[in-house]
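1. Provided below for reference: sequence and predicted model.
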Amino acid sequence: MTTEHTARMNFTKAAPKVFQAMIDLTAAAKEGLDHSLVELVQIRASQINHCAYCLLMHTTDARKAGESEERVNLVSAWHEAPTFFSEKEQAALALTEAVTLLPNGVSDEVYARAAEHFDEAELAKLIGVIFAINAWNRIAVTTSKVPGTA
């Protein structure tokens, strides 16, 4: 059963400067980080935020970039499937969850775990990626962006 779903607004057209700033922020944050890791982070945040638009986009992008079905399918259960993800990826996913669920805080343990795998510049960019995908999720969910549309 399908129901008609339409977006509340076209954010890109309604706020083109904000949209471009988000594009620029995302590009700057991703620069120099492993593409697969970035996609895993974007998938996990989008799952937590229930952003169907971004979830479809980033699972599709991850697969196109060569990510395995098993890993894409297990991102939401990475805690229970640690052998599918490197220590570095697990640290990034833990940080993603902590930053996305910010009211719970980012513990010293989660931050230190990430800092073990990323130098300061990489960690700053990873935080930027997490920030950016959370902002994109909030834009898409708020405007009721339709998955699979431009």
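-> Here it is on my side, so go on.
2. Can you point out the buried residues in the helix or strand of the chain with the lowest mean pLDDT?
-> Every helix and strand of the chain was ranked by mean pLDDT, DSSP states H and E. The lowest is helix 11-14, at a mean of 94. By neighbour count on 16 or more other Cβ atoms under 10 Å, the buried set for helix 11-14 is 11-12. For glycine as for every other residue, the C-beta is placed from the backbone atoms N, C-alpha and C.
3. got the buried residues for stretch 140-148?
-> 140-141, 143, 145.
4. residues making contact with stretch 67-79?
-> 36, 39-40, 43-44, 47, 59, 62-63, 81, 84-85, 89-90, 93 (Cβ atoms under 8 Å, 6 or more residues apart in numbering).
5. let me redo that: stretch 88-107
-> Against stretch 88-107 from outside (Cβ under 8 Å, 6+ apart): 37, 40-41, 44-45, 48-49, 75, 78, 82, 85, 110-111, 113-114, 116-118, 126-127, 130-131, 134.
6. among these, which ones are buried?
-> Here, 16+ other Cβ under 10 Å leaves 37, 40-41, 44-45, 49, 75, 78, 85, 110-111, 113-114, 117-118, 126-127, 130-131, 134 buried among those.
7. Determine the set of other helices and strands touching the biggest helix by length in the chain.
-> Looking across the chain with DSSP state H, the single longest helix is helix 120-142. With contacts defined as 3 or more Cβ pairs under 8 Å, 6 or more residues apart in numbering; DSSP states H and E, the packing partners of helix 120-142 are helix 16-30, helix 35-48, helix 52-64, helix 87-100, helix 108-117.
8. Output that helix in CSV with nothing but the alpha carbons.
-> What follows is helix 120-142, C-alpha atoms only, in CSV (Å, rounded to 0.1, in the frame of the first residue of the first chain):
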residue,chain,number,x,y,z
GLU,A,120,42.9,16.2,15.3
ALA,A,121,42.2,17.5,11.8
GLU,A,122,40.5,14.3,10.7
LEU,A,123,38.5,14.2,13.9
ALA,A,124,37.4,17.8,13.3
LYS,A,125,36.3,16.9,9.8
LEU,A,126,34.5,13.8,11.1
ILE,A,127,32.6,16.0,13.6
GLY,A,128,31.8,18.3,10.6
VAL,A,129,30.4,15.4,8.6
ILE,A,130,28.3,14.3,11.6
PHE,A,131,27.1,17.9,12.0
ALA,A,132,26.3,18.3,8.3
ILE,A,133,24.4,15.1,7.9
ASN,A,134,22.3,15.9,11.0
ALA,A,135,21.5,19.4,9.5
TRP,A,136,20.6,17.7,6.2
ASN,A,137,18.4,15.2,8.0
ARG,A,138,16.6,18.0,9.8
ILE,A,139,16.1,19.9,6.6
ALA,A,140,14.7,16.9,4.8
VAL,A,141,12.5,15.7,7.6
THR,A,142,11.1,19.2,8.3
